[in-house]
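1. have a look at this fold, sequence not included:
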């Protein structure tokens, strides 16, 4: 980064002028000691001023202030600067904390940059600076925990953390700026030692030296700031526990809990600030303050209302049944799937299929016959279930024909899934046991999809829907959301999603179940011809 020496000299002169101005106006009263603000920058004690004796109304007397200032400026700032520079930027040291937990004394060690440990020790040894350090430690080192963690919240946190990351660039700029300051100081020092007619310049050297010392200490103090502030937690309880442990070593700053606002029907209980007179009292106080300052009475009133939200019906049973319905369908059809697979494999085991092929029966006719037989049994169950859900007031807003298409798609996918499972077995009894297990295992990805719903992308959801049970489960979840809006699933919203930034819909679920039926059937024909 290029630097202009003339601008640096001008900046140094301006800073020196301001420092001298501060020294003249800085009130102090000390016996046998000259203390000034410039002492922070290198120990210069030729500039001092005393406190006005008329300032007797101050709560703290001059002698107490002098004692505090003497304690504050007793630090060897030049020595601190030299020791800070002696450490490498990446050099790490152990810092120990002695804490008391339940009457037991415990020592905790933390690995931090050596420069930060040195600053912490020096400031802790001073009673005045230690008070500020107690406040600054969490700001410098403190972690910020947040819960829960998902792709949306992580992106928000990433944007927030850029504020702390910009401090790293500031430290780099300050360290680069320090180089020409040091070079200029060395040039001044050389000229003063070599020539005798630079008295004005030589008088400025202590001020420049203090500026450089202050720059080093300030830069390294800022460099101690923790840049990776945020840590994610899956649960709020884990976040609280981590925060309690981190606070013992000044490593805790704050905790953030994200929660999703849901439509609320219990207004008096959830808005106590409004229904329990808090907002009225607050309004009365604010109006009185405004009137006292302006001398006028406010003639207008204040009206409050809730944030508008689409019509919503809070039905916990629908929410529960949307998660349980896929599992209940799997459990109720396990026996049916097992028997269908057993009958198909038993026909193959007894060589009945080969006999029918000798008689001229084609494979397409064979599978179509089994499809009709299985559909006759399972479609009746699906129809009864739709009628029960609709007229039993479980899913009361949805269109019955849309529900029928939804369940028919799942029925077709389940039947072709039975065909696919059957080609892997040659023993009927073994096929019956294996079919039930496989059918249930294909349901398990649904639990993963629904638990990590916020993190899963559309293409990942499509891959998961290659299992028809997962498609059915996701569709049930969407239907329950539309039921909560008192709309239900209808033909006009079949291709709409209730989730923000989500392109997946009930229509996609139906399409995926029909696509699964075709895929299962093609795999069945291919594998059977490959391994007859």
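-> Looks like it arrived, so ask away. Only a predicted model underlies this, so the values are computations on that prediction, with no experimental measurement involved.
2. would you mind giving the domain segments of this structure?
-> As assigned by automatic domain parsing, the chain contains the domains 270-309, 316-530.
3. check the offset of the first one from the chain's centre.
-> Averaged C-alpha coordinates place domain 270-309 at 35 Å from its chain's average position (C-alpha atoms, centre = their mean, to the nearest Å).
4. with stretch 393-412 instead?
-> 38 Å.
5. state the mean pLDDT of it.
-> In this model, stretch 393-412 carries a mean pLDDT of 90.
6. which of the residues in that stretch are buried?
-> Within stretch 393-412, the residues that count as buried by 16 or more other C-beta atoms under 10 Å are 395, 397-399, 402-412. Backbone N, C-alpha and C define where each C-beta goes, glycine included.
7. highest average neighbour count across the domains of the chain?
-> The highest average neighbour count among the domains of the chain, using mean count of other C-beta atoms under 10 Å, belongs to domain 316-530 at a mean of 17.
8. and that domain, how far apart are its ends?
-> End-to-end distance for domain 316-530, by C-alpha to C-alpha, to the nearest Å: 50 Å.
9. just stretch 448-457 next, same as before
-> Stretch 448-457 end-to-end distance (C-alpha to C-alpha) = 13 Å.
10. what does that stretch rub up against?
-> By C-beta atoms under 8 Å, 6 or more residues apart in numbering, the list of residues contacting stretch 448-457 from outside reads 150, 151, 152, 323, 461, 464, 470, 473, 474, 477, 499.
11. which residues touch the helix or strand residue 517 falls within?
-> Using DSSP states H and E, residue 517 falls within helix 506-530. Around helix 506-530, the neighbours that count as contacts under C-beta under 8 Å, 6+ apart are 363, 367, 402, 405-406, 409-410, 412-413, 415-417, 419-420, 422-424, 462, 465-468, 471-472, 474-475, 478-479, 489, 494-495.
12. how about the backbone phi and psi for the residue of the chain most remote from its centre?
-> The centre of the chain is farthest from one residue, residue 359, which by C-alpha atoms, centre = their mean lies 67.2 Å away. Dihedral pair for residue 359: phi -80, psi 0, per degrees, to the nearest 10.
13. and it, how far from residue 365?
-> 11 Å (C-beta to C-beta, to the nearest Å).
14. what's the answer for residue 99, then?
-> Distance of residue 99 to residue 365, given as C-beta to C-beta: 81 Å.
15. what's the answer for residue 172, then?
-> 78 Å.
16. next one: residue 528
-> Using C-beta to C-beta, residue 528 is found at 14 Å from residue 365.
17. cool, and residue 332?
-> From residue 332 to residue 365 the distance is 30 Å (C-beta to C-beta).
18. again with residue 165
-> Distance from residue 165 to residue 365, by C-beta to C-beta: 69 Å.
19. tell me the SS of residue 498?
-> Of the three states, residue 498 takes coil under DSSP: H, G, I helix; E, B strand; the rest coil.
20. that one against residue 480, yeah?
-> No: with contact defined as C-beta atoms under 8 Å, residue 498 does not reach residue 480; the gap is 9.4 Å.
21. doesn't residue 93 lie inside a strand?
-> Yes: counting by three-state DSSP, residue 93 is found in a strand.
22. what is the neighbour count of it?
-> Residue 93 has 16 neighbours, counted by other C-beta atoms under 10 Å.
23. contacting residues for it?
-> Applying C-beta under 8 Å, 6+ apart to residue 93 gives the contacts 111, 112, 113, 114, 117.
24. tell me which element the last one falls in.
-> In this structure, residue 117 is located in helix 114-124 according to DSSP H and E.
25. so the residue lying closest to residue 148 once chain neighbours are set aside, which of the three states?
-> Sequence neighbours aside, residue 234 is the residue nearest to residue 148 in space, at 6.1 Å (criterion: C-beta to C-beta, 6 or more residues apart in numbering). Secondary structure, three-state DSSP: residue 234 is coil.
26. tell me the spacing between residue 234 and residue 136.
-> 31 Å.
27. in terms of neighbours, single out the busier of those two.
-> More crowded of residue 234 and residue 136, by other C-beta under 10 Å: residue 136, with 18 against 11.
28. distance of the more buried one from residue 195?
-> To residue 195, residue 136 is 45 Å away according to C-beta to C-beta.
29. likewise for residue 460?
-> Distance, residue 460 to residue 195, using C-beta to C-beta: 76 Å.
30. out of the domains of the chain, which gets the lowest mean score?
-> Of all those, domain 270-309 has the smallest average pLDDT, which comes to a mean of 76.
31. looks to me like residue 100 is in a strand.
-> Yes: judged by three-state DSSP, residue 100 forms part of a strand.
32. that one reaches residue 107, doesn't it?
-> No: Residue 100 is beyond contact range of residue 107, at 10.8 Å (criterion: C-beta under 8 Å).
33. where does residue 231 fall, secondary structure wise?
-> Using DSSP H and E, residue 231 sits within strand 230-232.
34. what is that strand packed up against?
-> Contacts defined by 3 or more C-beta pairs under 8 Å, 6 or more residues apart in numbering; DSSP states H and E place strand 230-232 against strand 143-147, helix 151-194.
35. tell me the secondary structure at residue 426.
-> coil.
36. ok, it - contacts?
-> 345, 348, 349.
37. assign a three-state SS to the second one, would you?
-> When classified by three-state DSSP, residue 348 comes out as helix.
38. list the contacts of it.
-> If you count contacts by C-beta under 8 Å, 6+ apart, residue 348 has them with 422, 426.
39. oh, and call the first residue 45 from now on, that's how I've got it
-> Fine by me, first position is 45 from now on; the one you just mentioned is residue 392.
40. how close does it sit to residue 178?
-> On the measure of C-beta to C-beta, residue 392 and residue 178 end up 80 Å apart.
41. for the stretch 245-394 of the chain, what spans make up the strands?
-> Listed in chain order, the strands of the stretch 245-394 of the chain (DSSP state E, counting those that start in this stretch) span 274-276, 296-301.
42. export those strands to TSV and tack on mean neighbour count?
-> Listed next are the strands of the stretch 245-394 of the chain as TSV, based on neighbours: other C-beta atoms under 10 Å:
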stretch	mean neighbour count
strand 274-276	17
strand 296-301	16
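43. columns mean pLDDT on top of those, output as a markdown table?
-> As requested, the strands of the stretch 245-394 of the chain are exported to a markdown table (pLDDT from 0 to 100):
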| stretch | mean pLDDT |
| --- | --- |
| strand 274-276 | 86 |
| strand 296-301 | 85 |
